[in-house]
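Asker: Need coordinates for the following:
(chains A and B)
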Amino acid sequence: MIIQIIKNFLYLFSKDFLNLCMTFAYKDLKSKYSQTRFNFLLIILQPILTYFFNLLFSNLIRDEDLIPNYKIYLFLGFMTIYYISFLLIYTGQSFIQNYELIRKTNIPKLVFPFSKAIVGIIDLFFWIIFIFILMLFFKLEFRIKIFFLFFVVPLHTICGLTLGLILFLISYKHKDLYLFIPFIVSAIILITPVFYHPNLIPNNLKPFLFLNPIAGILEFYRYIFIGTAYNFSKFIYSFLFMIITFIFVIYLFQKKEKKISEYI
Amino acid sequence: MIYNESEEIIIVKNLTKYYKNFSKSCSFSSNNSQNNETYFKALNNITFSLKRGEVLGITGPNASGKTTLLKVLSGIINYDSGIVNIYGKVVPFLTISGIIDKNLNGLDNIITIGNIFGIKNIKEKINTIACFSELTDFLKMPLKFYSSGMIERLFLSTILHVNSDILIFDEIFNFSDVHFKNKILPEFTNVFKNKTAIIVSHDTELLLNFCTKLLILINGNLISFDIPYNAISTYYQYIIQNFFKNTISPNNFPLFLNEIELYNAEIEPINNSTNSKILKIKLNVLLKKDIKFGFVLYNLFNQRLSLILSPENFKPKQNLKINIITEIDISYLNDGAYKIDLVIIDQEKNKFKKIYSFYFYIDFEKKQPLIQTFSLKLNSNWLIH
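Answerer: Numbers count the residues shown, from 1 in each chain, chains lettered A, B, ... in the order given. As a prediction, this is how the structure comes out:
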């Protein structure tokens, strides 16, 4: 079984699979923006609008003294949640959107969420570019830590895809759970320190924070961009757990692939 | 590459597939909500095998399990019992609408189709595909402005370049015009060389021209797996026996039909099938008016082939039960399934009024194409008893 799990996981790195992912991502992007007037400019608009919303919020609570660089701090929170919720929603939706391809072709079904993840990474890329602009604006120092992005972005993707695939595997027969996605996203926002500082969490609840890989990812981003304190060793268990879950979910999905084709 | 002709590429033994039916009855007031799981047998004990180079046609009425069989062979869905062994790469073409994206233009769609089906160097083949599909001027237009026929042209022209051991098609030659069909079908004959192909279609002409074997599926059961001619004959005889019912029109004034019987030349009754060159139709009727009546011959697709009218001097007595025997020479007809309507001619409205319909199968063993589509003048002889 373990050999099979590893084999299934390694398939994700095969040329055929990656080629198909790129095809669907390209098709998705082109199709998404083909009917708009500003095309790809709209991708940049998302982080800009979020930032203006941030400005409004951070001016309202005047939290600059408590948390330095609160505007970027908050922006990073929104970015993390945006990408997680994007994957959470679109993983399931990608299957429903492409149901005819799932029912009537024998291409690997995992292509659909992974191609959505590529679309999401392109969005995320523009959010990160915008952060660089903000860093220049606020005269923040660029450190070598920026290279950690090559570690944290894949981790972020894995986290979103794992949650999305688990949700899909539970609910591909009966779509009840999809009605609760807004509540799930709200719950993620509440248990992750998006608006507040982790220090505000009571000491007896703090261990739960370290169980949350999304909090780990968010704090990692903050460590990279604004240099907040980060204890990687405390989050590593949740990361490891998440990666193992991801590999197992991939195996489970591939095992159930034919059943999914029948029921979707 | 040297191919072994006798090599079996697809082996299917006792294949059975069920679909689960969830019929839930639950009520808010009582606790005894029931969850009745019922099963629908989509495929029942299917056994056949195909060799390299063979083209299998599959036909049968709707909901008989054709697409399910294709899905099982393509590895898209599971099956419940039996053995399915496939030696080679399968590429199924079961849908066009799911694969193309109507918001993208023709060029992007060619690339997408190519990548989905693993066509190598698709970008280099775009020109050939565009020229072949005769859509060069439309390639930069989104597919939402294309007609169904144009989309099918683009799709078929692209998939000509697929390289795979086994190709599976599900009713995809539907919208193309005659000119394009004549152009693309020989191309597919080339594609099928040294490959194994499976085609599902209701187009009997296409199946007879293309396939080396034909499989007839009805209600999930394999009715016939044979050379196309034999399989189609079995199919037509089966549907005449089981699906088509002879019907009598309730409002049949001024011709009241008491009895109608079909005989062959030796005056033996014909049930469903005949190999007699003379068809005798015996009527027991009561006529209330001086009317002209006759028989109309149709093929199974309701295309009218011949009108056999009662002669001008044929004046049976009115208000009396009489026996009329009509002898029709059917020796010029091809083998196949036919329908004959007994009709009254309404000369004022220039219309037929149908009184009775019956189906029969002609089996001369001519081994010719089975669908009679051109009109014929059939000789007839009318007698009054």
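
Asker: Give me the neighbour count for residue A:203.
Answerer: Using other Cβ atoms under 10 Å in any protein chain shown, residue A:203 is surrounded by 7 other residues. Every residue, glycine included, has its C-beta placed from N, CA and C.

Asker: Also residue B:173?
Answerer: Close neighbours of residue B:173, defined as other Cβ under 10 Å, add up to 18.

Asker: Could I get the full set of helices for chain A?
Answerer: With DSSP state H as the criterion, chain A has helices at A:2-11, A:15-33, A:41-61, A:70-97, A:99-104, A:111-137, A:149-171, A:181-191, A:206-211, A:213-226, A:232-263.

Asker: Just name the most buried of those helices.
Answerer: Ranked by mean neighbour count, the helices of chain A are led by helix A:213-226 with a mean of 24 (mean count of other Cβ atoms under 10 Å in any protein chain shown).

Asker: out of the helices of chain A, nearest to residue A:143?
Answerer: Nearest to residue A:143 among the helices of chain A is helix A:213-226; the distance by Cβ to Cβ comes to 7.9 Å.

Asker: The closest one: how far from the chain's middle?
Answerer: Relative to its chain's centre, helix A:213-226 lies at 13 Å (Cα atoms, centre = their mean, to the nearest Å).

Asker: same for that helix, what does it pack against?
Answerer: Using 3 or more Cβ pairs under 8 Å, 6 or more residues apart in numbering or on different chains; DSSP states H and E, the elements in contact with helix A:213-226 are helix A:70-97, helix A:149-171, helix A:232-263.

Asker: at 10 Å instead, please
Answerer: Helices and strands touching helix A:213-226, by 3 or more Cβ pairs under 10 Å, 6 or more residues apart in numbering or on different chains; DSSP states H and E, are helix A:70-97, helix A:111-137, helix A:149-171, helix A:181-191, helix A:206-211, helix A:232-263.

Asker: so what secondary structure elements neighbour the first one?
Answerer: Looking back up the chat, that one is helix A:70-97. Going by 3+ Cβ pairs under 10 Å, 6+ apart, helix A:70-97 lies up against helix A:15-33, helix A:41-61, helix A:99-104, helix A:111-137, helix A:149-171, helix A:181-191, helix A:213-226.

Asker: Lowest average confidence across those, which one?
Answerer: Among these, helix A:41-61 carries the lowest mean pLDDT, a mean of 80.

Asker: Dump that one to PDB, restricted to CA.
Answerer: Presented in PDB, the C-alpha positions along helix A:41-61 are these (Å, rounded to 0.1, in the frame of the first residue of the first chain):
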ATOM      1  CA  LEU A  41      -5.600  43.800 -15.400                       C
ATOM      2  CA  LEU A  42      -8.400  42.500 -13.200                       C
ATOM      3  CA  ILE A  43      -6.000  40.100 -11.500                       C
ATOM      4  CA  ILE A  44      -4.000  43.100 -10.200                       C
ATOM      5  CA  LEU A  45      -7.200  44.900  -9.100                       C
ATOM      6  CA  GLN A  46      -8.000  42.300  -6.500                       C
ATOM      7  CA  PRO A  47      -5.000  43.000  -4.100                       C
ATOM      8  CA  ILE A  48      -5.400  46.700  -4.700                       C
ATOM      9  CA  LEU A  49      -9.000  46.700  -3.600                       C
ATOM     10  CA  THR A  50      -8.200  44.500  -0.600                       C
ATOM     11  CA  TYR A  51      -5.500  47.000   0.400                       C
ATOM     12  CA  PHE A  52      -8.000  49.900   0.300                       C
ATOM     13  CA  PHE A  53     -10.300  47.900   2.400                       C
ATOM     14  CA  ASN A  54      -7.400  47.300   4.800                       C
ATOM     15  CA  LEU A  55      -6.700  51.000   5.000                       C
ATOM     16  CA  LEU A  56     -10.200  51.600   6.100                       C
ATOM     17  CA  PHE A  57     -10.100  48.900   8.700                       C
ATOM     18  CA  SER A  58      -6.700  49.700  10.100                       C
ATOM     19  CA  ASN A  59      -7.600  53.400  10.400                       C
ATOM     20  CA  LEU A  60     -10.700  52.400  12.200                       C
ATOM     21  CA  ILE A  61      -9.100  50.400  15.000                       C
END
